[in-house]
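A.B. asks: Please find the sequence and the predicted model below.
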Amino acid sequence: MDTNGELRDFLRARRARLKPEEVGLAPADQHLGQARSRRVPGLRREEIAQLAGVSVDYYARLEQGRARHVSEPILVAIADTLRLNETERAYFFALATTHTKTESHPSPPPIPRVRPALHRMLEEFNSPALVLGRGLQILAMNRLARSFLFDIEAVSARDRNLAKWIFLDPEARLRYVDWEGTAADMAAVLRAEAGARPNDRLVSDLVGELAVKSQDFRRMWADHRVSACLNGAMRIQHPNVGTIEVEYEALQVHGAQDQKLILYAAPEGSRSAEALNLLASWTARPHLRKSDPSLGNGAATTHPEHHEV
């Protein structure tokens, strides 16, 4: 990844979103008693430099990726001036310091494996659950998640990726009620990962593939948003049970590098919870379906056992 270009575009995008009046500046320049409109949206370089307490030349060199040995206090001052949130701040720090480090060629990360115990636990959850690796790789999904979203068993190993499904599979546009918002979040998560891992071939190849194949991804990537998306709410339009409203949480899997457990849940007693329970009955384990006469003959065929990616 071109970290200099990313840093330049990110800082420009962040200062463009700030309004002068938000930081105590006049909304327009005053020149000979006449208001003169700004030529660019947001704040100018010299205004950011003034507010952060650095020289205009220094800030310009930083934005252009030409500053060397940037001190942490200066980065903090600029981040505060730009009102970066925690995820944006981490992304900015990573970009600003990458080009000052000695170029290295780290060993490729190990092939991701989900612990067998975690695989078993996934199936015990009475809600959709999946494990994501770096670059939004889908490493494991329980049966209910495969019915709730999509079945990773039906695609090749290289396509078991949440971002690929959302941007490249027409089914995703039908499943997500707010597809635009969900897709924008996925682009923001990938940008955060790309900043944290500028030399990660898997992430850079994924970004390149999506940029080639999806006009929507190119548009959203150009917004330079970064986000962790660790929790939130969404609505799924399921073809069999209708709209399901759920909340989700992303939990770090301790002892496993770059793995997150994503859990979805609906409020107890809600219509969405009833819909999830119905899906759960259709995707129950074979021995449970045989022993439960309430399922009758209308239960759907179960998916095959999941396996490690």
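C.D. replies: All right, it came through fine. Numbers count the residues shown, from 1 in each chain.
A.B. asks: in which helix or strand would I find Y264?
C.D. replies: Element membership of Y264, judged by DSSP states H and E, is strand 260-265.
A.B. asks: starting at the chain centroid, how far to the following helix or strand past that strand?
C.D. replies: Toward the C-terminal end, the helix or strand that comes next after strand 260-265 (DSSP H and E) is helix 271-282. Distance, stretch centre to chain centre, for helix 271-282: 27 Å (CA atoms, centre = their mean, to the nearest Å).
A.B. asks: Then stretch 153-166?
C.D. replies: On CA atoms, centre = their mean, the centre of stretch 153-166 falls 16 Å from that of its chain.
A.B. asks: Stretch 133-152 now?
C.D. replies: With CA atoms, centre = their mean, you get 15 Å for stretch 133-152.
A.B. asks: Next, the buried residues of that stretch.
C.D. replies: Going by neighbour count (16 or more other CB atoms under 10 Å), the buried part of stretch 133-152 is 133-150, 152. Bear in mind the C-beta positions are built from the backbone N, C-alpha and C, glycine included.
A.B. asks: again, but for stretch 3-14
C.D. replies: Neighbour counts over stretch 3-14 (16+ other CB under 10 Å) mark 3, 6-8, 10-11, 14 as buried.
A.B. asks: Now the two most distant members of those.
C.D. replies: T3 and R14 (15.9 Å; CB to CB).
A.B. asks: quick revisit: okay, and which of the buried residues of stretch 133-152 map to strands?
C.D. replies: Among these, DSSP state E puts 138-141 in strands.
A.B. asks: Could you provide the residues you listed in a markdown table, with additional columns for distance to V23?
C.D. replies: Output for those, formatted as a markdown table (distance: CB to CB, whole Å):
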| residue | distance to V23 |
| --- | --- |
| I138 | 42 |
| L139 | 43 |
| A140 | 46 |
| M141 | 45 |
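A.B. asks: Low-confidence ranges, this protein, go.
C.D. replies: Along the chain, segments meeting pLDDT under 70 span 1-2, 26-40, 99-111, 285-309.
A.B. asks: Just want the most central residue of it.
C.D. replies: Closest to where the C-alpha atoms of the chain average out (CA atoms, centre = their mean) is V189, at 2.3 Å.
A.B. asks: Any figure for the gap between that one and K260?
C.D. replies: 10 Å (CB to CB, to the nearest Å).
A.B. asks: try A163
C.D. replies: Between A163 and K260 the computed distance is 14 Å (CB to CB).
A.B. asks: Contacts for the top helix by length along the chain next, please.
C.D. replies: Counting by DSSP state H, the longest helix found in the chain is helix 179-196. The contact list for helix 179-196 (CB atoms under 8 Å, 6 or more residues apart in numbering) reads 1, 3, 6, 87, 90-91, 94-95, 134-136, 162-163, 166-167, 172-173, 176, 200, 203-204, 206-207, 210, 216-217, 220-221, 223-229, 232, 234.
A.B. asks: Could I have the ChimeraX command that selects the buried members from those?
C.D. replies: A single ChimeraX command selects the buried members of these (16+ other CB under 10 Å):
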select :1,3,6,87,90,91,94,95,134,135,136,162,163,166,167,172,176,200,203,204,206,207,210,216,217,220,221,224,225,226,227,228,234
